[in-house]
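>>> I'd like to go over a predicted model; first the sequence, then the structure.
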2 protein chains.
Amino acid sequence: MKKAIVVFSGGMDSTTLLHWAVQKGYEVYGLSFDYGQRHKKELEFAKYWGKKLCKWHKILDLSFMREIAGNSALLDTSQEIPEEHYTHENQKITVVANRNMVMLSIAVALAENIGAEVVFFGPHQNDNTIYPDCRPEFVEAVSRASQLATYKNVRIEAPFVRMKKSDIATLGTELKVDFSKTWSCYKGGEKHCGKCATCQERKEAFEKAGIEDPTEYEVGS
Amino acid sequence: MKKAIVVFSGGMDSTTLLHWAVQKGYEVYGLSFDYGQRHKKELEFAKYWGKKLCKWHKILDLSFMREIAGNSALLDTSQEIPEEHYTHENQKITVVANRNMVMLSIAVALAENIGAEVVFFGPHQNDNTIYPDCRPEFVEAVSRASQLATYKNVRIEAPFVRMKKSDIATLGTELKVDFSKTWSCYKGGEKHCGKCATCQERKEAFEKAGIEDPTEYEVGS
């Protein structure tokens, strides 16, 4: 059985990715990261899916990220999470510098060690505007670096990188993903706030896909 | 003043690199890593140079590396460090999978945050045989990924990647590096063992450069 690493957070995109990889016939090793994100709640869902679908799942502690990239509003709770659209310029304050490359490098190390041929991660087209490390050209470049860095030429792939989030809602529904067990909200409260950019984006994805949104929002359910 | 991150370990190559970057006029921010290496002793020297030459220096804890790449003899003390030449096939057991990409990604995150334009690290030609993540083509690829992942197009450079270790001994001497305050031995004992591959390589570098070796070895001083 071919082995793959899936990097997933407990959000709707990477949870769909996890289902997709299992469906493709991979033996899946899961990696999630505690990097000091204020929406740590996503990791409860990561744990749930890790147990259910992975051969092996670990949540690694990257608390050093706060020391070197702590100016992001995702890590620094003294900053407000902006409530504009996810493509709005001020969403830049939610960028955690080079986060994906850090996570992918660690995943590649694990892949090389257990003989997995590929690392999957879940960026998509909507992420492109604000997050440079979610663009197709970054995925290609980081995969090339990974292949050169390893004896087993480990690849990195982002199967959803050219899809919209609404396409992922559709695909996830086909794959029977229980989206009520996924987390998006950057604020990380008891329920999804319904107002921050990721909540707006989540709502919009279900709407555009014409799929019932199972999420309980504080505002606008 | 232009800012640079220098990734350094306290070994003779990266200590020379640190001097080189300061001489070039960079304001240097240093990063070193505790990744569970048995030759943790190198970090005492990293700390010494960090205080002396850096605007700011941090040693980050990457203890998760043992969980995901723990089969390397550098991390697993139940394995013997081989004593063959540094180009010998069996030195492969000292490879820590994807170590450089992990460290560089973290350094790039810091660079993006403090506005440093470049990350320097110190691989050289002798490393090429065994460590794929020390080759020029890897440096190029990882630099491209880094530039694409960041708003400020942070570059990664390895100024010594085509030099031999003996050239570094020569350059370091020109730059007045005190090599007695650097550490190479993989065994990480009180003194340099004088027998492991890195000790052999260190000795050879000074010999070939015709420079007096200030190192105290257990064997063959």
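Yep, that arrived.

>>> pull the longest helix from chain A.
Ranked by residue count and defined by DSSP state H, the top helix of chain A is helix A:99-114.

>>> quick one: buried residues of the very next helix or strand once past that one?
Sequence-wise, the next helix or strand downstream of helix A:99-114 (DSSP states H and E) is strand A:118-120. In terms of neighbour count (16 or more other CB atoms under 10 Å in any protein chain shown), strand A:118-120 has its buried residues at A:118-120. Heads up, the C-betas are built off the backbone N, CA and C, glycines and all.

>>> quick one: which of these is nearest to residue A:39?
Taking CB to CB as the measure, residue A:39 lies nearest residue A:120 of the buried residues of strand A:118-120, at 21.6 Å.

>>> and residue A:48, how many neighbours?
When counting by other CB atoms under 10 Å in any protein chain shown, one arrives at 15 neighbours for residue A:48.

>>> so what's the closest residue to residue A:129 other than its chain neighbours up against?
Closest residue to residue A:129 in three dimensions, ignoring its sequence neighbours and counting by CB to CB, 6 or more residues apart in numbering or on different chains: residue A:87, at 4.4 Å. Going by CB atoms under 8 Å, 6 or more residues apart in numbering or on different chains, residue A:87 touches A:126, A:129-130.

>>> same question for residue A:20.
Per CB under 8 Å, 6+ apart, neighbours of residue A:20: A:159, A:171, A:175.

>>> lowest confidence element among the helices and strands of chain A?
helix A:64-69 (a mean of 83; mean pLDDT, DSSP states H and E).

>>> and that one, what's buried?
A:64-66, A:68-69.

>>> again with stretch A:110-128
Going by 16+ other CB under 10 Å, stretch A:110-128 has these buried residues: A:110-114, A:116, A:118-128.

>>> what does stretch A:185-196 give?
Buried-residue list, stretch A:185-196, by 16+ other CB under 10 Å: A:185-188, A:192-196.

>>> out of the residues you listed, which touch chain B?
Here nothing survives when the buried residues of stretch A:185-196 are matched to chain B using CB under 8 Å from any CB of the partner chain.

>>> of the residues you listed, the lowest pLDDT goes to which?
By pLDDT, residue A:188 ranks lowest within the buried residues of stretch A:185-196, coming in at 83.

>>> so where's chain A uncertain?
A:220-221 (pLDDT under 70).

>>> those strands in it, which residues are they?
Remark: strands assigned in chain A by DSSP state E are A:3-7, A:27-34, A:56-61, A:118-120, A:155-157.

>>> what is the first one packed up against?
I take that to be strand A:3-7. The contact analysis (3 or more CB pairs under 8 Å, 6 or more residues apart in numbering or on different chains; DSSP states H and E) places strand A:3-7 against helix A:12-23, strand A:27-34, helix A:99-114, strand A:118-120.

>>> for the last one, name the packing helices and strands.
This means strand A:118-120. If you count contacts as 3+ CB pairs under 8 Å, 6+ apart, strand A:118-120 packs onto strand A:3-7, helix A:99-114, strand A:155-157.

>>> which of those sits closest to residue A:27?
strand A:3-7 (5.0 Å).

>>> give me every residue that touches residue A:50.
Counted by CB under 8 Å, 6+ apart, residue A:50 has contacts A:8, A:30, A:32, A:57, A:59.

>>> and the least confident helix or strand of chain A, what does it pack against?
Counting contacts by 3+ CB pairs under 8 Å, 6+ apart, helix A:64-69 is packed against helix A:99-114, strand B:56-61, helix B:99-114.

>>> is chain B within reach of the first one?
Yes: shown here: helix A:99-114 in contact with chain B (CB under 8 Å from any CB) through A:99-102, A:104-106, A:108-110, A:112-113.

>>> strand A:56-61 and that helix, what's the angle between them?
140 degrees (axes from the mean of the first three to the mean of the last three CA atoms, to 10 degrees).

>>> one step back: let me have the helices and strands packed on helix A:64-69 in JSON lines, extended by distance to residue A:2.
Formatted as JSON lines, the helices and strands packed on helix A:64-69 follow (distance: least, CB to CB, whole Å):
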{"stretch": "helix A:99-114", "distance to residue A:2": "12"}
{"stretch": "strand B:56-61", "distance to residue A:2": "33"}
{"stretch": "helix B:99-114", "distance to residue A:2": "23"}
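
>>> closest to residue A:22 out of those?
helix A:99-114 (16.7 Å).

>>> run the chain-centre distance for that closest one.
14 Å (CA atoms, centre = their mean, to the nearest Å).

>>> before we move on, what about stretch A:29-43?
9 Å.

>>> and what of stretch A:4-18?
Worked out by CA atoms, centre = their mean, stretch A:4-18 lies 6 Å from the chain centre.

>>> got it, and stretch A:71-81?
19 Å.

>>> start to end distance for it?
Stretch A:71-81 has an end-to-end distance of 13 Å (CA to CA, to the nearest Å).

>>> what does that stretch rub up against?
A:35-39, A:65-66, A:69-70, A:82, A:93-97, A:186-187, A:196-197, B:113.

>>> what about 6 Å?
Contact with stretch A:71-81 is made by A:36-38, A:66, A:70, A:93-94, A:96, A:186-187, A:196, B:113, as judged by CB atoms under 6 Å, 6 or more residues apart in numbering or on different chains.

>>> also stretch A:107-114?
Applying CB under 6 Å, 6+ apart, the contact partners of stretch A:107-114 are A:5, A:7, A:31, A:119, A:146, A:150, A:152, A:154, B:68-69, B:71, B:97-98.

>>> including distance to residue B:15, could those go into a markdown table?
As requested, the contacts of stretch A:107-114 are arranged in a markdown table below (distance: CB to CB, whole Å):
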| residue | distance to residue B:15 |
| --- | --- |
| A:5 | 35 |
| A:7 | 35 |
| A:31 | 33 |
| A:119 | 33 |
| A:146 | 29 |
| A:150 | 28 |
| A:152 | 32 |
| A:154 | 31 |
| B:68 | 28 |
| B:69 | 25 |
| B:71 | 29 |
| B:97 | 25 |
| B:98 | 24 |
